[in-house]
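Quick one, what's the 3D model for this:
(one chain, ligands or ions: 2)
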Amino acid sequence: MSTAQSNPTDPTSTTSSTSSTSKLSFRAVGRTYPVGDGLFTALGNVSLDIADGEFVTVVGPSGCGKSTLLGMAAGLVEPTSGRVLLDGVPVTGPGPDRGVIFQQYALFPWLTVRRNVEFGLRLAAVPAAERRRRAQYAIDLVGLTDFADALPKTLSGGMRQRCAIARAYAVDPQVLLMDEPFGALDALTRVQLQNQLLDTWSRERRTVLFITHDVDEAVYLARRVVVMAARPGRIDRIVDVDLPYPRTEEIRLSADFGRIRNEVWHAVYHQPPATPATRAT
Ligand SMILES: Nc1ncnc2c1ncn2[C@@H]1O[C@H](COP(=O)(O)OP(=O)(O)O)[C@@H](O)[C@H]1O
Ligand SMILES: [Mg+2]
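Ligands and ions are numbered 1, 2, ... in the order given. Have a look, this model is predicted:
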């Protein structure tokens with residue numbers, strides 16, 4: 001069976017204008033895992049195009065394949081069907097063109113903020129002076145200037161997460177892939193980091209794919225919210241967030257915001273309840 005025909009754009013014509021405006025493309029991707037003598041479909045047939053410089057968020061119930069989708073873009077999870085394209089080129093593994101940020105920020109506890117941020121640049125054999133310059137830029141960007149020489153254990157959770165974000169920024173990726181990056185933080189810190197991320201995004205115009213289970217966060221950040229559903233993991237619908245940037249607290253409290261938030265909320269929470277026995281046990 002050919003999957004190419006069902007695609008809205010022809011994946012073979014990578015020089016077409018459609019490809020040049022689409023930074024990241026999921027083309028009919030799926031992922032199955034063997035369970036007993038059958039297959040469990042973690043992600044069904046998902047197609048999604050993300051434009052260069054676009055901010056897209058993904059929400060959906062636990063286990064609907066959000067991390068699987070992001071992992072495919074990161075090159076950490078191999079699709080069992082379909083493919084992921086970055087600038088029209090199939091993703092075959094991780095690369096410095098994509099920065100990945102997880103909820104559990106893994107900083108090296110014995111390295112200072114600056115050394116942590118420089119780590120990826122060292123791996124990439126960036127010369128010392130350039131490394132220092134890029135690390136300093138990223139540290140300033142996330143507001144950790146005064147803490148560059150501090151060790152992670154002396155920082156709050158929010159500051160540690162900012163350090164992890166700076167580490168991803170320093171490598172200067174074109175695409176940021178963020179998997180519930182603020183999930184472990186308190187509400188106030190979360191709002192601060194949301195605003196800072198938007199601020200950075202509006203200056204740098206990177207393409208962002210951001211996963212969250214927080215509907216408010218999804219709507220506040222994105223131009224489009226992808227709502228996923230489970231069993232099999234799939235896109236249920238995509239909600240346009242027709243609100244201007246810069247997003248402000250005034251926008252967050254507006255009636256328009258509330259209307260969109262309710263729409264997304266309804267889509268996420270009025271999905272059929274999960275059945276406990278979908279996997280053979
Ligand atoms: N390595 C694996 N082996 C078997 N099942 C997996 C594996 N990784 C993920 N899954 C299953 O795939 C589904 C989607 O997982 P995931 O993408 O992590 O969901 P989400 O991030 O939306 O919570 C889940 O049911 C999960 O248990
Ligand atoms: Mg997940």
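
Next, the contact list for Thr112, please.
Ala148, Asp149, Ala150, Leu151 (C-beta atoms under 8 Å, 6 or more residues apart in numbering). Backbone N, C-alpha and C define where each C-beta goes, glycine included.

Please tell me the pLDDT value assigned to the nearest residue to the third one once chain neighbours are set aside.
In other words, Ala150. Closest residue in space to Ala150, ignoring its immediate chain neighbours: Val113 at 5.6 Å, by C-beta to C-beta, 6 or more residues apart in numbering. For Val113, the pLDDT comes out at 97.

thinking again about what came up before, among the contacts of Thr112, which one has the most neighbours?
Ala148 (18 neighbours; other C-beta atoms under 10 Å).

mind listing what it touches?
Counting by C-beta under 8 Å, 6+ apart, Ala148 makes contact with Thr112, Val113, Arg114, Gln136, Ile139.

what sits against the second one?
For Val113, the residues meeting the contact criterion (C-beta under 8 Å, 6+ apart) are Ile139, Leu144, Phe147, Ala148, Asp149, Ala150, Leu151, Pro152, Leu155, Cys163, Ala166.

swap the cut-off to 10 Å and go again
107, 135, 139, 142, 144-152, 154-155, 159-160, 162-163, 166-167 (C-beta atoms under 10 Å, 6 or more residues apart in numbering).

and what of the last one?
Residues counted as contacts of Ile139 (C-beta under 10 Å, 6+ apart) are 113-114, 116-118, 145-148, 162-163, 166-167, 169-170.

run the last query once more with 6 Å
Residues near Ile139 by C-beta atoms under 6 Å, 6 or more residues apart in numbering: Val117, Ala148, Ala166.

quick one: average pLDDT of the helix or strand encompassing Thr32?
Per DSSP states H and E, Thr32 falls inside strand 22-35. When pLDDT is averaged along strand 22-35, the result is 96.

helix/strand/coil for the nearest residue to Pro90 once chain neighbours are set aside?
Computed as C-beta to C-beta, 6+ apart, the closest residue to Pro90 that is not its neighbour in sequence is Arg83, at 5.2 Å. Under DSSP: H, G, I helix; E, B strand; the rest coil, the three-state class of Arg83 is strand.

wait, Gly120 sits on Tyr169?
No - the criterion here is C-beta atoms under 6 Å, and Gly120 misses it with Tyr169 at 10.0 Å.

And these two? Which one has more around it.
Shown here are Gly120 and Tyr169; by other C-beta under 10 Å, Tyr169 has more neighbours (24 against 21).

Do you know the pLDDT at that one?
Taking Tyr169 on its own, its pLDDT is 85.

and it, what helix or strand is that in?
Going by DSSP H and E, Tyr169 is part of helix 157-170.
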